[in-house]
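Engineer: Pasting the sequence and the predicted model now:
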Amino acid sequence: MAAGIALTALFVVWELRQERPLLELRVFRDAAFAASILVGVLLAGGMFGAMFVVPVFLQQVQGYSALGAGLILAAQGIGSVLALPISGWLTDRFGARPVVFAGVCGLIAVSFAMATVGPGTSALEWCVLLAGRGVAVGFAMMPAFSAAYVTLAPRLISRGTALANTAQRMATSVGIAVIATIAEDRVLAHLPHGRVPPAVVKQAVATGFDQALLVTAGLSMVGLGATMLLRRPLPGGPGSAHPPLPRRLRALAVALAVFGVLGLLLSLVLAFNLV
């Protein structure tokens with residue numbers, strides 16, 4: 001991990017010194033683009049991290065087959081399919097800012113609800129939770145990524161696309177690794193010693209998974225502040241000069257960012273039983 005961090009830092013320094021870099025990191029100077037990527041990265045990390053943990057929970061704790069777990073997980077895809085046309089229409093009409101903010105809030109609420117599942121959670125309850133998660137992702141992720149290119153000059157859109165795809169892939173990998181590691185640590189922390197009934201073991205394992213899912217809610221909260229920096233398209237198309245954000249909106253973005261970081265810290269405290 002230390003070598004990976006060092007090599008990444010070296011790569012960033014190298015790219016910033018090149019006239020024609022592989023990844024144009026200077027695009028992050030655009031606040032709206034950076035905010036969009038931040039929201040997308042946090043949502044991707046939390047979403048795919050949870051999607052790695054949930055099927056394991058369904059199979060190891062609740063005894064579903066791989067096919068049964070897959071059918072339950074399909075509810076999230078159905079929720080996204082239903083939400084995407086609506087979120088696209090709302091984004092065209094009102095801009096990405098309110099749509100993405102509502103989606104992130106919905107994702108936070110559903111993530112907190114998912115952190116309460118147990119061995120007795122029914123398939124219907126799972127489908128409702130996952131469908132709600134899919135709707136929230138449909139309102140948050142795609143509008144956020146589409147808003148990334150509103151303020152970029154046309155010549156930088158291809159550069160921004162490459163950077164957005166790379167960031168999303170990295171966030172997916174890191175999110176899965178982090179959430180899976182937390183789940184493993186929390187499950188081992190709750191497993192009782194000695195011979196105990198299987199129901200006790202299942203409940204201990206479920207508690208560990210719940211705490212990992214709680215962290216995904218905290219990750220989503222960090223993106224709240226960035227949603228206030230998203231911009232809507234102007235008649236002139238991509239790259240049009242946008243007026244500065246109102247001071248009140250910038251203050252709200254800072255307040256929500258602080259609130260999100262505190263929410264993440266609280267989720268970690270609760271997940272690792274630090275109180």
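Structural biologist: That came through fine.

Engineer: Low-confidence regions, this structure specifically.
Structural biologist: Scanning the chain for pLDDT under 70 picks out nothing.

Engineer: Any buried residues in the longest helix seen in it, and which?
Structural biologist: Identified as the longest helix of the chain according to DSSP state H is helix 154-190. Neighbour-count burial for helix 154-190 flags 156, 159-160, 163-164, 167-168, 171-172, 175-176, 178-179, 182-183, 186-187, 190 (criterion: 16 or more other C-beta atoms under 10 Å). In this view, the C-beta of every residue, glycine as well, is placed from N, C-alpha and C.

Engineer: same deal with stretch 46-60?
Structural biologist: 46-58.

Engineer: which residues touch residue 264?
Structural biologist: The contact partners of residue 264, by C-beta atoms under 8 Å, 6 or more residues apart in numbering, come to 215, 218, 219, 221, 222.

Engineer: Which of the buried residues of stretch 46-60 sits closest to residue 204?
Structural biologist: residue 57 (12.8 Å; C-beta to C-beta).

Engineer: Can you tell me the closest non-neighbouring residue to the closest one?
Structural biologist: Nearest residue to residue 57 in three dimensions, chain neighbours excluded: residue 209, at 4.8 Å (C-beta to C-beta, 6 or more residues apart in numbering).

Engineer: thinking again about what came up before, quick one: the buried residues of stretch 46-60 as TSV, columns for secondary structure too.
Structural biologist: Formatted as TSV, those follow (DSSP: H, G, I helix; E, B strand; the rest coil):
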residue	secondary structure
46	helix
47	helix
48	helix
49	helix
50	helix
51	helix
52	helix
53	helix
54	helix
55	helix
56	helix
57	helix
58	helix
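
Engineer: In space, not sequence, find me the middle residue of this protein.
Structural biologist: residue 43 (1.5 Å; C-alpha atoms, centre = their mean).

Engineer: doesn't residue 111 make contact with that one?
Structural biologist: No: the criterion here is C-beta atoms under 8 Å, and residue 43 misses it with residue 111 at 10.6 Å.

Engineer: between those two, what contacts are shared?
Structural biologist: residue 220.

Engineer: Can you tell me the element residue 203 falls in?
Structural biologist: Counting by DSSP states H and E, the element that carries residue 203 is helix 198-222.

Engineer: what distance separates that helix from the centre of its chain?
Structural biologist: 17 Å (C-alpha atoms, centre = their mean, to the nearest Å).
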